[in-house]
Structures are given as structure tokens and as C-alpha cells.
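Visitor: all I have is the shape, not the residue letters:
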């Protein structure tokens with residue numbers, strides 16, 4: 001939800017539309033970017049209701065501006081996706097759904113999940129995947145602490161360090177050793193740090209998969 005991953009979404013959406021339609025085509029989008037410092041503070045203080053109200057108001061503003069489909073470009077804040085969806089009539093494309101679709105299409109059944117501590121430890125995300133018949137495992141507590149710290153102290157601030165990439169490689173390897181046949185990059189900034197070459201098993205980059213589903217809608221909704 002930082003501008004680092006928001007910028008990546010903007011690139012993926014526009015590139016995807018251009019690749020589908022060719023020539024000078026690009027994505028017709030509205031973007032509402034938040035002050036992530038305020039969001040992160042409220043997350044760590046447990047003020048999820050406040051965040052739900054804020055994002056519901058943002059969703060209404062986008063719908064009033066003409067948005068016909070909403071993408072919440074963060075995994076963690078899908079903790080309050082139902083509250084946001086109830087605030088608007090436009091559909092909210094849940095980030096876990098194209099992720100589950102990709103996993104099942106590739107034949108994956110046991111997924112490792114890395115992301116913020118909230119995403120790894122709370123049930124809202126794991127349960128969404130489990131409802132599709134996917135088994136989800138998360139790193140041990142030390143690895144969860146490392147993954148969470150790197151996201152908030154580095155990635156959302158545009159810092160992509162070799163030492164942190166090495167640490168994530170270790171986390172990915174340990175999930176694979178526990179039987180994960182793919183790993184979900186369950187934070188939209190993580191794909192800016194690691195890629196397929198850093199993992200012994202396939203990676204499911206939620207930002208890329210979410211954006212691709214957005215492109216499907218954009219192209220399909222054109223007159």
C-alpha cells in the first residue's frame with residue numbers, strides 16, 4: 001500500500017493493457033494513494049475499524065469519480081475488505097482470488113505464505129485460500145519477525161538491501177523444505193525485492209496477479 005507498490009501497480013496495469021491492445025493503448029484508471037505512515041501506525045495500534053472507515057470513504061470517492069472496479073493494492077488491508085465492499089456498488093477484486101486461481105491452474109496445493117505479520121498470522125487471508133482447497137503454511141516466528149521488519153523498515157521506504165534479499169531466500173528455502181510447492185508473496189512490495197531466481201519453488205506474486213486480473217476487467221469492459 002506504499003507508493004512503492006502503487007507505482008508498480010500503475011506500471012503493470014498500463015503495460016498489460018498496452019500488451020493486450022497494442023499501439024498507444026494504456027489503462028484508464030483512477031488512483032487514490034494514502035499516507036502510508038498513518039496506515040502503518042493504525043495497523044500496529046490495532047485500529048482496524050478506523051482503517052476500514054477511511055478506506056470505505058476512499059472507495060466511495062473513487063466510485064464517485066467513475067471507477068467501475070476497485071483494486072485494494074495491499075494484502076494486509078484485505079482484513080477489512082468486506083467493510084470496503086459494503087460501502088460501494090462497484091465490485092472489489094479481492095487480491096487472494098487471482099492468487100488462488102493461479103495456484104490451482106499450476107497444480108499447486110500446499111502454499112507457503114509470506115507477508116506482513118498481520119497477513120501471516122491472522123486468518124482472513126489464509127482462510128480465503130483454504131476455502132479454495134489450498135493448504136497454507138507460514139514461516140516460524142523468527143522468520144515471520146524478519147519478513148515483517150523488512151517490509152516496514154525497508155521495502156515501503158524504497159530500500160532493497162542485498163542482506164534482506166539473502167534473508168528472504170532463507171525463508172523461502174525453509175518453506176520449501178517444509179513441503180510448500182509454491183510461495184505466495186503476500187505483500188505487494190515483496191516482489192520488488194525477490195524474484196523466481198531467489199526461490200527453490202515457484203513464487204505467486206500477488207501484485208502481478210492482482211494487476212493482471214485488473215487488466216482482464218479493463219480490456220473486457222471497453223466499449
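Guide: Received the coordinates, thanks. Just so it is clear, the structure is predicted and the values come from calculations on it, not from any experiment.
Visitor: out of everything not next to it in sequence, what's closest to residue 13?
Guide: Closest residue to residue 13 apart from its sequence neighbours, by C-beta to C-beta, 6 or more residues apart in numbering: residue 27 at 4.2 Å. Where you see a C-beta, it was placed from the backbone N, CA and C, and this is true even at glycine.
Visitor: mind listing the strands for the protein?
Guide: For the chain, the strands defined by DSSP state E occupy 110-115, 135-137, 182-186, 203-205.
Visitor: by contact count, what packs against the first one?
Guide: Judged by 3 or more C-beta pairs under 8 Å, 6 or more residues apart in numbering; DSSP states H and E, strand 110-115 is in contact with helix 117-121, helix 123-130, strand 135-137, helix 141-153, helix 162-177, strand 182-186.
Visitor: and of these, who's closest to residue 68?
Guide: Among those, the nearest to residue 68 by C-beta to C-beta is helix 123-130 (23.2 Å).
Visitor: now that closest one: average pLDDT?
Guide: For helix 123-130, the mean per-residue pLDDT is 97.
Visitor: name the helices or strands packed onto it?
Guide: helix 96-105, strand 110-115, strand 135-137.
Visitor: nearest to residue 201, out of these?
Guide: strand 110-115 (7.6 Å).
Visitor: pull out the buried positions in the lengthiest helix in the chain.
Guide: Taking DSSP state H as the criterion, the chain has its longest helix at helix 3-21. Residues of helix 3-21 classed as buried by neighbour count (16 or more other C-beta atoms under 10 Å): 4, 5, 6, 8, 9, 10, 12, 13, 14, 16, 17.
Visitor: please apply the same query to stretch 43-53.
Guide: Applying 16+ other C-beta under 10 Å to stretch 43-53 flags 43, 48, 51, 52 as buried.
Visitor: which one among those residues gets closest to residue 184?
Guide: Once C-beta to C-beta is applied, the member of those that ends up nearest residue 184 is residue 43, at 19.5 Å.
Visitor: correct me if wrong: the closest one contacts residue 80.
Guide: No: in this structure residue 43 lies outside contact range of residue 80 using C-beta atoms under 8 Å: 10.5 Å.
Visitor: contact partners for residue 207?
Guide: Contacts for residue 207 were tallied using C-beta atoms under 8 Å, 6 or more residues apart in numbering; they are 5, 8, 9, 12, 73, 185, 188, 191.
Visitor: check what pLDDT it gets.
Guide: 98.
Visitor: what is the burial count for the closest residue to it other than its chain neighbours?
Guide: Distances taken as C-beta to C-beta, 6+ apart put residue 188 closest to residue 207, at 4.0 Å, once the chain neighbours are dropped. For residue 188, the count of nearby residues is 30 (other C-beta atoms under 10 Å).
Visitor: any idea how far residue 105 is from residue 188?
Guide: According to C-beta to C-beta, to the nearest Å, residue 188 and residue 105 sit 21 Å apart.
Visitor: ok, residue 155 next?
Guide: 28 Å.
Visitor: which one's more surrounded, these two?
Guide: residue 155 (22 against 8).
Visitor: list the residues that contact the more buried one.
Guide: Contacts of residue 155 (C-beta under 8 Å, 6+ apart): 2, 4, 187, 189, 190, 192, 193.
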